[in-house]
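Asks: Structural data only, the sequence is not supplied:
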């Protein structure tokens, strides 16, 4: 029975010069150096057939025993396809500074050691379902076709330091659904023309992408969708992307850092991170350019660390939640309002649509307000709450009921007097201002225009007080037609009930401050409103004459009515405050 072709040394005779050197040294565990650098062309001194290399990698035959150190080769030109599909490799494989004329195939292979292809030139690397116990190293590798590690398991680190990858079909590298136990490093001037994918991958250490350049004009540059990273993801510093970075549904147990990064969407989203979960910090500081068109819908991070200049326009923040805020300068409500204004017009309510047609999103405002409250920044939280009410009103969504939205005047009064429920103490100031203003008007009307008079009819019918009436001469003549008014005995302040000395002290004297307070507090009786009232002329038959005959008495009575309404309104609000119905710090 003949042996399988390619499994015996005699199948490769005569050997080339480079192959003889490799055969001699790999049995001793020594490095075979055929060239000082990666060769450009095949020569007799550097060319090795891929099938012969495979023969050695698989352990040789009964006449060739490969040293346990494995295959150590540098400066070779490998001709043909290196087909190691479904192979079991029991030792290390170091093929450094080598040029591969065709693709390397390692699908479904089992490697008990490490694979090191540093400084080599590849025509692609196809290794779906690869299982390797050690490190997989592509440092300073240049690949003209896709490196494929889908569904693979890597027991050590995956290294692409200083590498240059090119994917003619749009994908430069893929490790979809791979399990990588060690760190993944794409750094030190790493470049990828085409998409780099870790979709559904399980990264049990860190993903570090620093000083690297990604470009893919018609699709994603870095795609970590549905992946799980138990360490941090560091896309910084020096990370540059011309295309979309997608982290949709990604789970990161550590920190996600884009500090010092540069993300340019090139007509699409620069960062798409819908439903992203970061258990520690999302770091967005010292960015080279502001982030434009960022999708953070339904994302959740523990701490958001950013700066005002981190953000550009067209942000999607609906459902984005975080528990803490860090920033490069003191936290202010103004900065956060400007941040929320950078949302896309539909979510920000600036698309011109009103009412049920509006797509204005409340949640981003409520989220930042909640965080400010939990951080003890109550004033900033209240400012955000008030601004949210203004935006809701602008979008036709404030105070909606079966009767429609509140009128603009009511909304403005609500904001001015109560800060939309966030500044209830403004009502106290308004109360005192109303009290003193009305008291001043009542004092002037009573002193200069004799407007106020007792409301007890007994006082008016008492002869001793006739001189206190403004029409005291006519009243005296009517009561005593045959006796002239006693001018010498005429009291000080005659004709004005407020200043008339004849009015006995046991009758409640008029107090402008007390009268105003009695009206403002309808539930409290200070006896002022009951004992005194403004005098107005007898109404005219012709209503138009009433407008022509508008006196200080009419004006004072109108002010009393207005103050009464204000008093009832203030009382209802105060009752609401006492019963906890007024919102101070609420996210509803």
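Replies: Ah, there it is. Model, not experiment: these values are computed from the prediction.

Asks: Look up the residues forming beta bridges with residue 131.
Replies: When bridges are called by DSSP bridges, residue 131 pairs up with residue 110, residue 153.

Asks: Number of residues surrounding it?
Replies: 18 (other Cβ atoms under 10 Å). Placement of C-beta: from N, CA and C, glycine included.

Asks: wait, doesn't it sit right on residue 149?
Replies: No: the pair residue 131 / residue 149 is not scored as a contact, 10.9 Å apart, by Cβ atoms under 8 Å.

Asks: so where does residue 529 fall, helix or strand?
Replies: Here residue 529 is covered by helix 528-531, with elements defined by DSSP states H and E.

Asks: again with residue 168
Replies: Short version, using DSSP H and E: residue 168 is in strand 164-174.

Asks: What is the helix or strand following that strand packed up against?
Replies: Next helix or strand after strand 164-174 toward the C-terminus (DSSP H and E): strand 179-180. Judged by 3 or more Cβ pairs under 8 Å, 6 or more residues apart in numbering; DSSP states H and E, the packing partners of strand 179-180 are strand 153-154, strand 202-203.

Asks: lowest-pLDDT helix or strand in the chain?
Replies: Least confident helix or strand, the chain: helix 472-479 with a mean of 58, by mean pLDDT, DSSP states H and E.

Asks: Tell me the first helix or strand C-terminal of that helix.
Replies: helix 512-520.

Asks: my guess is residue 87 meets residue 110, correct?
Replies: Yes: between residue 87 and residue 110 there is a contact under Cβ under 8 Å: 7.3 Å.

Asks: Give me the distance from the helix or strand residue 22 falls within to the chain's centre.
Replies: Residue 22 belongs to helix 17-26 when assigned by DSSP H and E. Counting by Cα atoms, centre = their mean, to the nearest Å, helix 17-26 is centred 61 Å from the centre of its parent chain.

Asks: Check which helices and strands it sits against.
Replies: strand 32-33, strand 47-49, helix 50-57, strand 71-74.

Asks: how far is the longest one from where the chain is centred?
Replies: The reference is to helix 50-57. With Cα atoms, centre = their mean, you get 56 Å for helix 50-57.

Asks: which stretches of the stretch 451-588 of the chain have low pLDDT?
Replies: Counting by pLDDT under 70, the low-confidence segments of the stretch 451-588 of the chain come to 458-467, 469-495, 502, 504-506, 538-549, 573-588.

Asks: in the longest helix along the chain, what counts as buried?
Replies: The residue-count maximum for a helix in the chain (DSSP state H) belongs to helix 552-578. For helix 552-578, the neighbour count (16 or more other Cβ atoms under 10 Å) marks 552-557, 559-560, 563, 566-567, 570-571, 573-574, 577 as buried.

Asks: how far off helix 512-520 does it point, in degrees?
Replies: Relative orientation of helix 552-578 and helix 512-520, computed by axes from the mean of the first three to the mean of the last three Cα atoms, to 10 degrees: 60 degrees.

Asks: so what does helix 552-578 touch, helix or strand wise?
Replies: Checking 3+ Cβ pairs under 8 Å, 6+ apart, helix 552-578 ends up next to helix 425-449, helix 512-520, strand 532-534.

Asks: Is it possible to get a markdown table of the helices and strands packed on helix 17-26 that adds mean pLDDT, mean neighbour count and distance to residue 293?
Replies: A markdown table is the format used below for these (pLDDT from 0 to 100; neighbours: other Cβ atoms under 10 Å; distance: least, Cβ to Cβ, whole Å):
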| stretch | mean pLDDT | mean neighbour count | distance to residue 293 |
| --- | --- | --- | --- |
| strand 32-33 | 96 | 18 | 50 |
| strand 47-49 | 96 | 22 | 50 |
| helix 50-57 | 95 | 21 | 46 |
| strand 71-74 | 96 | 22 | 46 |
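
Asks: Got phi/psi on residue 339?
Replies: For residue 339, the backbone dihedrals (degrees, to the nearest 10) come out as phi -60, psi -50.

Asks: Tell me if I am right that residue 392 is in a helix.
Replies: Yes: applying DSSP: H, G, I helix; E, B strand; the rest coil, one finds residue 392 inside a helix.

Asks: how far away is it from residue 135?
Replies: To residue 135, residue 392 is 56 Å away according to Cβ to Cβ, to the nearest Å.

Asks: who has more neighbours, the two?
Replies: Using other Cβ under 10 Å as the criterion, residue 392 and residue 135 rank with residue 392 on top: 21 against 17.

Asks: wait, that one sits on residue 362?
Replies: Yes: look at residue 392 against residue 362 with Cβ under 8 Å: they come within range, at 7.2 Å.

Asks: Would you agree residue 369 falls within a helix?
Replies: Yes: per three-state DSSP, residue 369 lies within a helix segment.

Asks: Can you give me the separation between it and residue 324?
Replies: Counting by Cβ to Cβ - residue 369 and residue 324 are separated by 14 Å.

Asks: The two: which is more packed in?
Replies: residue 369 (26 against 13).

Asks: Show me the beta-bridge partners of the residue nearest to residue 148 when sequence neighbours are not counted.
Replies: Closest residue to residue 148 apart from its sequence neighbours, by Cβ to Cβ, 6 or more residues apart in numbering: residue 126 at 4.8 Å. Counting by DSSP bridges, residue 126 forms beta bridges with residue 105, residue 148.

Asks: dump the residue contacts of residue 126.
Replies: Counting by Cβ atoms under 8 Å, 6 or more residues apart in numbering, residue 126 makes contact with 103-107, 146, 148.

Asks: and what of residue 556?
Replies: If you count contacts by Cβ under 8 Å, 6+ apart, then residue 556 has 441-442, 445, 451-452, 534 around it.

Asks: want to try TSV for those residues, with distance to residue 236 as columns?
Replies: Below are these laid out as TSV (distance: Cβ to Cβ, whole Å):
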residue	distance to residue 236
441	67
442	70
445	73
451	76
452	77
534	75
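
Asks: Give the buried subset of the residues you listed as a ChimeraX selection command.
Replies: Burial among the contacts of residue 556 is assessed by 16+ other Cβ under 10 Å; the matching ChimeraX selection reads:
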select :441,442,445,451,452,534
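
Asks: quick check, nearest of the contacts of residue 556 to residue 76?
Replies: residue 441 (103.0 Å; Cβ to Cβ).

Asks: I'd say that closest one and residue 559 touch.
Replies: Yes: at 5.9 Å, residue 441 counts as touching residue 559 under the criterion of Cβ under 8 Å.

Asks: So, low pLDDT: which residues of this protein?
Replies: Using pLDDT under 70, the chain drops low at 1-4, 398-419, 458-467, 469-495, 502, 504-506, 538-549, 573-588.

Asks: domain assignment for it?
Replies: 16-134, 169-307, 424-456+510-588, 463-506 (automatic domain parsing).

Asks: neighbours of residue 46, just the number please.
Replies: When neighbours are counted by other Cβ under 10 Å, residue 46 comes out with 22.

Asks: Name all residues that make contact with it.
Replies: Counting by Cβ under 8 Å, 6+ apart, residue 46 has contacts 18, 34-35, 39, 75-77.

Asks: For the residues you listed, pick the one with the most neighbours.
Replies: residue 76 (29 neighbours).

Asks: Thought residue 95 was touching it, still the case?
Replies: Yes: counting by Cβ under 8 Å, residue 76 touches residue 95, with 7.2 Å between them.

Asks: relative to helix 425-449, how tilted is the longest helix of the chain?
Replies: Calculated by the same axes, to 10 degrees, helix 552-578 forms an angle of 160 degrees with helix 425-449.

Asks: By neighbour count, which bits of the helix holding residue 529 are buried? Give me those.
Replies: Buried residues in helix 528-531 (16+ other Cβ under 10 Å): 528-529, 531.

Asks: can these go into TSV with extra columns for distance to residue 354?
Replies: Shown next, in TSV, are the buried residues of helix 528-531 (distance: Cβ to Cβ, whole Å):
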residue	distance to residue 354
528	48
529	45
531	52
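
Asks: Tell me the one of the residues you listed nearest residue 270?
Replies: Nearest to residue 270 among the buried residues of helix 528-531, with distances taken as Cβ to Cβ, is residue 529, at 67.4 Å.

Asks: Thank you, goodbye.
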